[in-house]
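1. structure here, sequence nowhere to be found:
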């Protein structure tokens with residue numbers, strides 16, 4: 001029963017992401033091995049939406065290790081657990097909660113023994129900046145712990161880079177680059193564990209900086225961003241090359257005049273109530289990294305529910321045919337707006 005639920009959830013999320021993003025580009029799927037234990041490690045810009053993109057664009061069942069605080073709500077805990085998300089506890093969740101990680105790590109060892117896939121963000125937090133932050137060593141504890149328990153189990157680390165042209169916006173673009181496998185077993189040295197951790201962290205960090213647009217200078221980050229058209233961030237290879245040659249370039253100032261969009265007006269009128277709910281939530285968002293996630297969640301829940309309520313009302317007054325024409329047009333307008341919005 002759980003497998004059926006997860007299948008339909010994945011399909012529904014894929015449809016939702018198709019309606020939410022103007023374009024999703026995926027590269028390197030051929031690098032993901034099948035029939036082996038896989039450990040995905042990626043950069044973390046955009047809260048939960050990162051995991052949704054990573055898990056719906058690859059073909060293997062993936063268990064995601066996420067910050068424990070999002071599991072506190074019983075409803076969220078049920079939903080997240082049902083789609084293979086696992087809590088990781090940090091000091092900020094309370095020092096006493098750290099002991100819960102022992103059970104989580106043991107579960108991870110079991111999953112890797114069963115040739116399953118895990119996903120973690122080794123930076124340990126999220127940030128909208130176009131850069132790879134300092135890599136923590138928590139993921140090495142899971143990988144090397146699994147190898148210690150079963151030295152015969154071969155574990156491939158698959159680095160991946162998520163890139164957004166506008167991470168908080170609806171109808172924006174995203175790209176995902178899966179890198180080549182890194183054999184965790186080749187880095188494990190039982191007689192020099194500290195060096196093993198240091199070397200594998202360095203390699204993961206190096207690979208993530210190739211798969212992601214990486215602006216090294218934190219203090220000048222916002223100034224450097226001005227030298228790029230937003231779509232350039234979708235191609236980390238070209239973007240990183242450009243970062244090395246900024247001296248002879250000038251900042252890019254995008255046009256602010258987007259013009260009148262009648263389709264956007266129609267969608268807003270037709271989505272009046274869901275947009276009221278968004279405008280209610282918007283001021284309460286404390287971290288910008290959650291903006292896209294909340295927009296997406298509202299988009300796959302409140303918006304379709306409201307459209308079907310309106311369909312029922314239209315059906316009552318004008319008949320079933322008119323009701324179905326309305327609902328088809330409602331979704332079609334949103335899809336066309338998503339794919340054509342500037």
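-> In hand now; what should we look at? Note that the coordinates shown come from a computational prediction; the quantities given were computed from them, not determined experimentally.

2. how many residues are close by residue 167?
-> 24 (other CB atoms under 10 Å). Glycine gets a C-beta too; all of them are placed from N, C-alpha and C.

3. that one should be in a helix, yeah?
-> No - read with DSSP: H, G, I helix; E, B strand; the rest coil, residue 167 is coil and lies in no helix.

4. ok, it - contacts?
-> Applying CB atoms under 8 Å, 6 or more residues apart in numbering to residue 167 gives the contacts 45, 46, 128, 289, 292.

5. if we use 10 Å, what do you get?
-> By CB atoms under 10 Å, 6 or more residues apart in numbering, the contact set of residue 167 is 45-47, 49-50, 126, 128-130, 174, 230, 233, 288-289, 291-292.

6. could you give the average pLDDT over stretch 15-25?
-> In this model, stretch 15-25 carries a mean pLDDT of 97.

7. actually stretch 241-256, not the one I typed
-> In this model, stretch 241-256 has an average pLDDT of 84.

8. now restrict the contacts of residue 167 to buried residues only.
-> Buried residues within the contacts of residue 167, defined by neighbour count using 16 or more other CB atoms under 10 Å: 45-47, 49-50, 126, 128-130, 174, 230, 233, 289, 291-292.

9. for burial, what's the neighbour tally of residue 219?
-> Using other CB under 10 Å, residue 219 is surrounded by 7 other residues.

10. now do residue 106
-> Using other CB under 10 Å, residue 106 is surrounded by 13 other residues.

11. for residue 81, see how far away it is.
-> 16 Å (CB to CB, to the nearest Å).

12. returning to that earlier point: ok, of the buried ones among the contacts of residue 167, which one's closest to residue 26?
-> Proximity of the buried ones among the contacts of residue 167 to residue 26 (CB to CB) peaks at residue 174, which lies at 9.3 Å.

13. the closest one in helix, strand or coil?
-> Under three-state DSSP, the three-state class of residue 174 is strand.

14. quick one: contacts for it?
-> Residues in contact with residue 174 (CB under 10 Å, 6+ apart) are 17, 20-26, 45-46, 49-50, 53, 57, 162-167, 233-234, 292.

15. can you check residue 216 too?
-> Each residue near residue 216 by CB under 10 Å, 6+ apart is listed here: 131, 132, 209, 224, 240, 243.

16. ok, longest helix in this structure?
-> With secondary structure taken from DSSP state H, the chain has its longest helix at helix 320-340.

17. contacts for that one?
-> With CB under 10 Å, 6+ apart as the test, helix 320-340 has contacts from 18-23, 170-172, 261, 263-264, 266-268, 270-271, 299, 303-304, 306-308, 310-319.

18. among these, which ones are buried?
-> Buried, going by 16+ other CB under 10 Å: 19-22, 170-172, 267, 270-271, 299, 303-304, 306-307, 310-311, 314-315, out of those.

19. cross the residues you listed against helices and list the overlap.
-> 19-20, 267, 270, 299, 303-304, 306-307, 310-311, 314-315.

20. of all these, which two lie farthest apart?
-> Taking CB to CB, no two of these sit farther apart than 20 and 315, at 27.3 Å.

21. output the longest strand belonging to this structure.
-> If you go by DSSP state E, the chain has its longest strand at strand 155-164.

22. mean confidence for that one?
-> For strand 155-164, mean pLDDT rounds to 97.

23. same check, this time on stretch 198-216
-> Stretch 198-216 comes out at a mean pLDDT of 96.

24. now stretch 319-331
-> Taken as a whole, stretch 319-331 has a mean pLDDT of 97.

25. off-centre distance for that stretch?
-> In terms of CA atoms, centre = their mean, to the nearest Å, the centre of stretch 319-331 is found 33 Å from the chain centre.

26. same thing with stretch 102-115?
-> Its chain's average C-alpha position is 23 Å from that of stretch 102-115, according to CA atoms, centre = their mean.

27. one more: stretch 310-326?
-> Put simply, stretch 310-326 sits 37 Å off its chain's centre (CA atoms, centre = their mean).

28. how long is that stretch from one end to the other?
-> End-to-end span of stretch 310-326 (CA to CA, to the nearest Å): 9 Å.

29. got it, and stretch 27-45?
-> One end of stretch 27-45 to the other measures 18 Å (CA to CA).

30. buried residues in that stretch?
-> Buried residues in stretch 27-45, defined by neighbour count with 16+ other CB under 10 Å: 27-28, 32, 36-45.
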